[in-house]
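In: Sharing a sequence plus its predicted fold:
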Amino acid sequence: MGNLLQKNSQKHQEDEEEDDDSTLACEICIEPISSNKKFKNNHNCTHSFCMDCMASYIQVKVEDQYVPDVACPALDCGHLLDPLHYLPILPAKLFTKWSDLLCEKVVLLGFERCYCPNQTCSVLIVNECGGNVRRSKCPNCKKLFCFQCKSPWHSGYRCDEREEMRDVNDMLFGELVETKKWSRCPSCGHCVELVEGCPNVSCKFVFSF
């Protein structure tokens, strides 16, 4: 009789937990969460997220941001997601990409690396020589890019000036600056060319007023 009462009590508690789950809403899509679609991070943490939103969240982190260690999206949580736990809900290509990122993190630990900014390429590139590398060529698509700001090569422009390359004329001017090896005034940013004489150059634009 005692065992029967204990079983009924446990069943009642489980039913109450299921009822509580049914009233939860996903913090991302604000839709009710069914008990079979509730976020469970391999019992490391449990938050109000549905598995569909978690799959989309992982996709953004892996495919758009190239993040190997994907953390729980809950505020002040920080627990990492276990890829094997999400294998049933992720497309095979996405799961493979995530696994590759985790492998690269371990194998290439200590090397500076980036991905080719060419969207049709996106191959992983490793700086094996060290040093402050800037102008680089992708070994796969052969296109030039900047290793520092991870963007297509901005001839004649600094990384913080690359947004100024608005049209073909700006690109041609940048290539001219690079070919002529012109320097830029640290005060106004105008190009300065030393033709001959003393290496100390005064920018006419700075002192024109």
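Out: Alright, I've got the coordinates.

In: What ranges does the chain have for its helices?
Out: When secondary structure is read from DSSP state H, the chain shows helices at 2-22, 51-59, 92-107, 168-180.

In: average pLDDT for the longest one?
Out: Confidence over helix 2-22, taken as the mean pLDDT, stands at 45.

In: How is the chain divided into domains?
Out: Segmentation of the chain into domains, based on automatic domain parsing, reads 22-107, 110-153, 162-209.

In: How far off centre is the second one?
Out: Which is domain 110-153. Distance of domain 110-153 from its chain centroid, counting by Cα atoms, centre = their mean, to the nearest Å, is 15 Å.

In: swap in the first one?
Out: Using Cα atoms, centre = their mean, we find the averaged C-alpha position of domain 22-107 to lie 15 Å away from the chain's own average C-alpha position.

In: so where do the strands sit in this structure?
Out: Remark: strands assigned in the chain by DSSP state E are 112-115, 124-127, 135-137, 144-146, 151-152, 183-184, 191-192.

In: Which strands and helices lie in contact with the third one?
Out: Under the contact definition 3 or more Cβ pairs under 8 Å, 6 or more residues apart in numbering; DSSP states H and E, strand 135-137 sits against strand 144-146. (Glycine included, C-beta is placed from N, CA and C.)

In: what's next to the strand it packs on, contact-wise?
Out: If you take Cβ atoms under 8 Å, 6 or more residues apart in numbering as the criterion, strand 144-146 is touched by 116-118, 134-138, 151-154, 159, 162.

In: which of these has the most neighbours?
Out: Most neighbours among the contacts of strand 144-146, by other Cβ atoms under 10 Å: residue 154, with 24 neighbours.

In: Kindly state the pLDDT recorded for it?
Out: 79.

In: roughly how far apart are the residue nearest in space to the middle of the chain and residue 104?
Out: Nearest residue to the geometric centre of the chain (Cα atoms, centre = their mean): residue 65, 2.2 Å. The gap separating residue 65 from residue 104 is 14 Å, by Cβ to Cβ, to the nearest Å.

In: The residue nearest to residue 99 when sequence neighbours are not counted - how many residues pack around it?
Out: Excluding its sequence neighbours, the residue lying closest to residue 99 (Cβ to Cβ, 6 or more residues apart in numbering) is residue 83, at 6.4 Å. Residues lying near residue 83 (other Cβ under 10 Å) number 17.

In: So, low pLDDT: which residues of the protein?
Out: Per-residue confidence of the chain (counting by pLDDT under 70) places the weak regions at 1-23, 108-110, 130-131, 162-168, 186, 189, 197, 204-209.
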